[in-house]
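1. Predicted model follows, preceded by the sequence.
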Amino acid sequence: MGRNGRTHPHLGCRCVGHFYAGATRLGIVDVEQALVHLFRCAGDEAFFASLESALQQRLLNVAGRQRIRDRLPENARWLVDLARSDADSGLESLLRLRLHVLGIRLDCQVVITGVGRVDFVVGGRLIIEVDGRENHASPAHRHKDLVRDAATSAMGYESLRFDYAQIVHDWPTVQAAIVAALVRLGAVA
């Protein structure tokens with residue numbers, strides 16, 4: 001809300017008011033301002049996924065990215081430095097951020113000859129795919145995913161696929177599966 005903004009509580013309201021010293025039009029601020037407020041309100045993960053989404057949609061230029069970085073607390077600026085513009089979804093961003101925090105390095109959006117692009121490759125042998133419902137819910141998409149997994153297996157890769165519910169609501173299981181696969185493949189000690 002701008003300097004003259006007022007809150008209007010309503011039945012069941014769980015809204016969080018954000019106040020901005022600058023001028024707003026109908027409570028709307030630019031993407032940079034919204035991202036800074038999102039960091040303050042929702043924390044690292046929501047901010048990072050939203051920042052990568054803004055970058056992927058080309059809503060931020062280099063100068064805007066730097067202004068956001070400058071407005072974050074010093075201990076959070078690494079999030080802007082880590083952000084990429086090639087994440088296809090917030091789920092990919094979330095998984096990459098969480099694995100980065102664990103010290104696991106990912107190659108992103110890797111093209112494998114004869115298979116196409118995969119979300120992530122870790123240690124040169126583990127493929128991690130993030131399957132959002134909109135792209136993988138139909139039987140045809142599921143079949144295509146299985147064909148790709150079989151092809152990459154024949155090339156010596158192991159594939160792990162995770163959906164929204166697993167990444168958002170059951171992260172410990174996802175993390176354990178990834179770490180176990182990396183140990184099994186000798187990609188981590």
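-> Arrived safely. A quick note: this is a predicted structure, and the numbers were derived from the prediction, not measured.

2. Now do the same contact list for the most centrally placed residue in the chain.
-> In the chain, the residue lying closest to the centroid (CA atoms, centre = their mean) is residue 93, at 1.4 Å. For residue 93, the contact set (CB atoms under 8 Å, 6 or more residues apart in numbering) comprises 48, 49, 52, 53, 87. Every residue, glycine included, has its C-beta placed from N, CA and C.

3. redo that, cut-off 7 Å
-> Contact analysis of residue 93 by CB atoms under 7 Å, 6 or more residues apart in numbering lists 48, 49, 52, 87.

4. Excluding residues flanking it in the chain, which one is nearest residue 105?
-> residue 122 (7.2 Å; CB to CB, 6 or more residues apart in numbering).

5. the helices in the protein, which residues?
-> Under the criterion DSSP state H, the chain contains helices at 31-42, 44-56, 62-71, 78-82, 90-101, 133-136, 139-154, 164-169, 171-184.

6. would you turn the ones you listed into CSV with mean pLDDT?
-> Below are the helices of the chain laid out as CSV (pLDDT from 0 to 100):
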stretch, mean pLDDT
helix 31-42, 90
helix 44-56, 96
helix 62-71, 96
helix 78-82, 98
helix 90-101, 96
helix 133-136, 57
helix 139-154, 88
helix 164-169, 94
helix 171-184, 96
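
7. can you redo these as a markdown table with distance to residue 111?
-> A markdown table is the format used below for these (distance: least, CB to CB, whole Å):
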| stretch | distance to residue 111 |
| --- | --- |
| helix 31-42 | 30 |
| helix 44-56 | 18 |
| helix 62-71 | 26 |
| helix 78-82 | 22 |
| helix 90-101 | 16 |
| helix 133-136 | 17 |
| helix 139-154 | 12 |
| helix 164-169 | 23 |
| helix 171-184 | 21 |
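
8. right, so of these, which gets closest to residue 118?
-> Proximity to residue 118, assessed across the helices of the chain by CB to CB, is greatest for helix 139-154 (7.4 Å).

9. looking at the helices of the chain, which is closest to residue 10?
-> helix 31-42 (19.0 Å).

10. and the closest one with helix 44-56, angle?
-> Relative orientation of helix 31-42 and helix 44-56, computed by axes from the mean of the first three to the mean of the last three CA atoms, to 10 degrees: 160 degrees.

11. who does helix 31-42 touch, helix- and strand-wise?
-> Packing partners of helix 31-42 (3 or more CB pairs under 7 Å, 6 or more residues apart in numbering; DSSP states H and E): helix 44-56, helix 62-71.

12. between it and helix 62-71, how big is the angle?
-> Using the same axes, to 10 degrees: helix 31-42 against helix 62-71 is 30 degrees.
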